[in-house]
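Novice: Structure here, sequence nowhere to be found:
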């Protein structure tokens with residue numbers, strides 16, 4: 001009997017002639033180049049290992065089919081990680097923090113509205129989305145530290161920081177975006193910028209007011225005044241007689257002793 005090429009001298013089981021009754025699996029052919037033959041000389045141990053491996057593959061495939069195919073024969077339903085955890089695709093959003101949920105909803109609103117209506121309504125959709133995202137605010141100490149690090153000054157005519165006293169200059173609860181934008185103004189202009197009015201009481205009320213953290217007053221000087229008038233077009237004259245300069249994002253009102261700036 002010919003050797004199968006896998007058995008070595010001293011092998012415990014001598015090759016025997018067998019007939020494979022399972023689906024054809026060539027585990028160890030009698031000689032190299034003979035592929036697909038059902039009958040031949042095989043090592044019994046190798047053949048048994050091949051049979052077990054084939055059965056394991058078949059069982060695994062069957063288990064996978066049963067896991068995704070309903071017993072009633074309907075079309076298999078796509079299984080997601082959320083479904084495996086017993087959740088609907090809407091539920092994971094509830095596990096996010098409030099800011100993340102609002103931001104995600106705002107982004108969905110923006111995408112939904114911009115797609116059919118085009119870019120003409122993009123700015124309006126972005127503004128509405130921004131209003132839905134909770135505003136991040138800073139304490140007075142945090143805000144003044146950021147301003148100081150960026151080279152901006154801060155001055156109080158009353159020498160105090162109490163938000164409830166009108167002669168004080170307070171940055172308590174100012175928006176982070178407002179601080180970021182006034183720092184950007186200093187960097188772009190290259191001019192000295194000194195904050196003289198913040199979120200303290202005594203300013204005009206409104207949704208985009210000082211108290212709400214959208215506006216700051218800065219001390220005028222030749223450099224910053226020239227930059228504002230040069231870079232931002234004149235818009236109109238406000239009811240109190242202050243000329244307005246700016247664009248859709250920022251409005252500069254020239255009051256007698258300061259610039260009143262709205263950062264949207």
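Specialist: Received the coordinates, thanks. What you see is a predicted model; the values in this text were computed from it and never measured.

Novice: which stretches of this structure form helices?
Specialist: 44-68, 81-84, 98-117, 122-132, 140-149, 176-189, 222-231 (DSSP state H).

Novice: can you map out the strands along the stretch 151-264 of the chain?
Specialist: Using DSSP state E, counting those that start in this stretch, the strands of the stretch 151-264 of the chain run over residues 153-154, 174-175, 194-197, 215-218, 234-237, 243-246, 250-255, 258-263.

Novice: For residue 188, which of those is the nearest?
Specialist: Closest of the strands of the stretch 151-264 of the chain to residue 188 is strand 250-255, at 11.2 Å (criterion: CB to CB). Yep, even glycine has a C-beta here, placed from its N, CA and C like the rest.

Novice: List the strands paired with the closest one, with their directions.
Specialist: strand 243-246 (antiparallel), strand 258-263 (antiparallel) (DSSP bridges).

Novice: Pull out the buried positions in stretch 153-168.
Specialist: Within stretch 153-168, the residues scored as buried using 16 or more other CB atoms under 10 Å are 154, 156, 161, 162, 163, 168.

Novice: quick one, what contacts the fourth one?
Specialist: It refers to residue 162. By CB atoms under 8 Å, 6 or more residues apart in numbering, residue 162 lies in contact with 168, 170, 200.

Novice: How about the second one?
Specialist: For residue 156, the contacting residues are 167, 168, 169, 196, taking CB under 8 Å, 6+ apart as the criterion.

Novice: Isn't residue 261 up against residue 251?
Specialist: Yes: in this structure, residue 261 is within contact of residue 251 by CB atoms under 8 Å, at 7.2 Å.

Novice: Those two: which has the busier surroundings?
Specialist: Taking other CB atoms under 10 Å, residue 261 and residue 251 do not tie; residue 261 has more neighbours (23 against 19).

Novice: Count the residues that sit near residue 148.
Specialist: 11.

Novice: rewinding a little: confidence-wise, which of the helices of the chain is weakest overall?
Specialist: Here the lowest mean pLDDT among these goes to helix 81-84, at a mean of 42.
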